[in-house]
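Asker: Requesting a structural model of the entry that follows:
(one chain, ligands or ions: 1)
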Amino acid sequence: MAIPCPHFNPVTSEKPAMEVLSPSPVVLTQDELKRIAAYKAVEMVESGMVVGLGTGSTAKHAVDRIAELLHKGKLKKIIGIPTSTKTHKQALSLGIPLSDLDSHPVLDIAIDGADEIDPNLNLVKGRGGSLLREKMVEGVCKKFVVIVDESKLVKYIGGSGLAMPVEIVPFCWKFTAKRLQELFEHAGCVAKLRTSASSNGMENGGYVAKLSTFACSNGMENGGLPFVTDNGNYVVDLYFTRDIGDLKAASDAILRLAGVVEHGMFLDMATTVIVAGDRGVTIKNKIINNADELISISNSIAIEAKRKDGQYVTVATALSKGRTWLS
Ligand SMILES: O=C(CO)[C@H](O)[C@H](O)COP(=O)(O)O
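Answerer: Presented below is the predicted three-dimensional model:
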């Protein structure tokens, strides 16, 4: 999808994304916006860091950029912890030194995309199927930087009307899917097993089952074979028509169901969110203080504050090379 972006030229790999200005309107694709956000995030990576490498079309740009800076000698002694077999393969092919959580149980930083971001920086992740490893890695990093184009911003979790994934064991998946759906009846929830037919364009890490070796049922309402995660599990996608309400309560209720492995709500985990959109890049940092929550102070674009009523307001406009980025 082409998104009008009056302030940007497409970014070259030689120049920081935000220093490129154009007098005439330029249309950037969604992928170019993802790349801008990813490059901005990689500016936060320093030599010697242990870095969580996310999964998906946005995170892929960050992995490419880290490899490029390593090869140029601008970054040194990076250790990457991949969040999927797909990212593992990409990083390996680019020559990024890799390790795992057994050897590095604490990470300096992780960079990853997201499917939804609400105003409190809660996320939906896992439409690519890598939510479990992502949550394991991103749950133990000092900084979790989320990179998105602005299409991922939602008013509330589930608000896009698209999937909120839950990784479940294959055993009696219909039983578990039904229980998940019942849990969120109040939000008009529909639970669907992700299959080869339903996951088109969503596979980042998993693969599709060749054999239906699970007990209880092999009925595939969506058509196709079940999508299988890197961990040998299935994914049930939850679709909501209304707000699910208390997210912590929802998380607890899902995780209490035997058969559930993990869900795709990443609550209170993101420390920084970088959003690339047609008005520039906005960086939201989660800083809690006793008064209002200061959401963004960045070296580049906008300063946003979250008021006590939950609304975001731009409280100042930052200048970049003498030009106003946001007004
Ligand atoms: O959670 C993920 C994979 O499990 C991805 O980060 C999420 O799906 C966003 O993907 P993309 O960057 O391709 O839009």
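
Asker: I'd say residue 52 and residue 141 touch.
Answerer: Yes - at 5.2 Å, residue 52 and residue 141 qualify as touching, with contact defined as Cβ atoms under 8 Å. (Each C-beta comes from the backbone N, C-alpha and C, glycine too.)

Asker: quick one: secondary structure of the residue most central in space within the chain?
Answerer: Against the mean C-alpha coordinate of the chain, by Cα atoms, centre = their mean, the closest residue is residue 114 at 2.0 Å. Classification of residue 114 using DSSP: H, G, I helix; E, B strand; the rest coil returns coil.

Asker: ok, for it, nearest residue in space, not its chain neighbours?
Answerer: Excluding the flanking residues, the one nearest residue 114 by Cβ to Cβ, 6 or more residues apart in numbering is residue 123, at 4.4 Å.

Asker: What is the longest strand that the chain contains packed up against?
Answerer: Scanning the chain for the strand with the most residues, using DSSP state E, yields strand 141-149. Here strand 141-149 touches helix 30-42, helix 57-71, strand 107-112, strand 272-277, going by 3 or more Cβ pairs under 8 Å, 6 or more residues apart in numbering; DSSP states H and E.

Asker: Residue 165: which of those is closest?
Answerer: Nearest of the helices and strands packed on strand 141-149 to residue 165, taken as Cβ to Cβ: strand 107-112 at 14.5 Å.

Asker: Is the helix or strand that that closest one is followed by positioned near the ligand?
Answerer: Next helix or strand after strand 107-112 toward the C-terminus (DSSP states H and E): strand 116-117. No - Strand 116-117 lies apart from the ligand when judged by Cβ under 6 Å from any ligand atom; the minimum separation is 9.3 Å.

Asker: Distance from the chain centre to strand 116-117, please.
Answerer: With Cα atoms, centre = their mean, to the nearest Å as the basis, strand 116-117 stands 8 Å off its chain's centre.

Asker: contacting residues around that strand?
Answerer: By Cβ atoms under 8 Å, 6 or more residues apart in numbering, the residues outside strand 116-117 that reach it are 123-124, 146, 148, 152-154, 157-160, 162, 164, 270, 273, 275.

Asker: rewinding a little: looking at residue 52 and residue 141, which is more packed in?
Answerer: Using other Cβ atoms under 10 Å, the more surrounded residue of residue 52 and residue 141 is residue 52, with 30 against 22.

Asker: so who does the nearest residue to that one once chain neighbours are set aside touch?
Answerer: On the basis of Cβ to Cβ, 6+ apart, the spatially nearest residue to residue 52 that is not a chain neighbour turns out to be residue 110, at 2.7 Å. Neighbouring residues of residue 110 by Cβ under 8 Å, 6+ apart: 51-54, 81, 83, 137-138, 141, 143-145.

Asker: so which of those also contact the ligand?
Answerer: With Cβ under 6 Å from any ligand atom as the criterion, the contacts of residue 110 include residue 54 near the ligand.

Asker: thinking again about what came up before, okay, and the common contacts of residue 52 and residue 141?
Answerer: 107, 109-110.

Asker: Where does residue 197 fall, secondary structure wise?
Answerer: Here residue 197 is assigned to no helix or strand, by DSSP H and E.

Asker: Low-confidence regions, the protein specifically.
Answerer: 1-25, 198-223, 287-327 (pLDDT under 70).

Asker: and it, which residues reach the ligand?
Answerer: Going by Cβ under 6 Å from any ligand atom, the residues of the chain near the ligand are 54-59, 112-115, 125-131, 134, 204.

Asker: switch the cut-off to 8 Å
Answerer: 34, 54-60, 83-84, 112-115, 125-131, 134, 147-148, 152, 165, 202, 204-205, 264 (Cβ under 8 Å from any ligand atom).

Asker: can I get the CA coordinates of stretch 70-89 in CSV?
Answerer: Only the C-alpha atoms of stretch 70-89 are listed here, as CSV (Å, rounded to 0.1, in the frame of the first residue of the first chain):
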residue,chain,number,x,y,z
LEU,A,70,28.7,-5.1,11.5
HIS,A,71,30.3,-5.6,8.1
LYS,A,72,31.2,-1.9,7.9
GLY,A,73,32.8,-2.1,11.4
LYS,A,74,30.4,0.5,12.8
LEU,A,75,29.1,-2.1,15.2
LYS,A,76,31.3,-4.7,16.8
LYS,A,77,30.9,-7.7,19.0
ILE,A,78,27.2,-8.0,18.7
ILE,A,79,25.5,-11.2,19.8
GLY,A,80,22.1,-11.9,18.3
ILE,A,81,19.3,-13.9,19.9
PRO,A,82,16.8,-14.8,17.2
THR,A,83,13.1,-15.2,17.9
SER,A,84,12.3,-17.7,15.2
THR,A,85,13.9,-20.2,12.9
LYS,A,86,13.3,-17.9,10.1
THR,A,87,15.2,-15.0,11.7
HIS,A,88,17.9,-17.5,12.8
LYS,A,89,18.4,-18.4,9.2
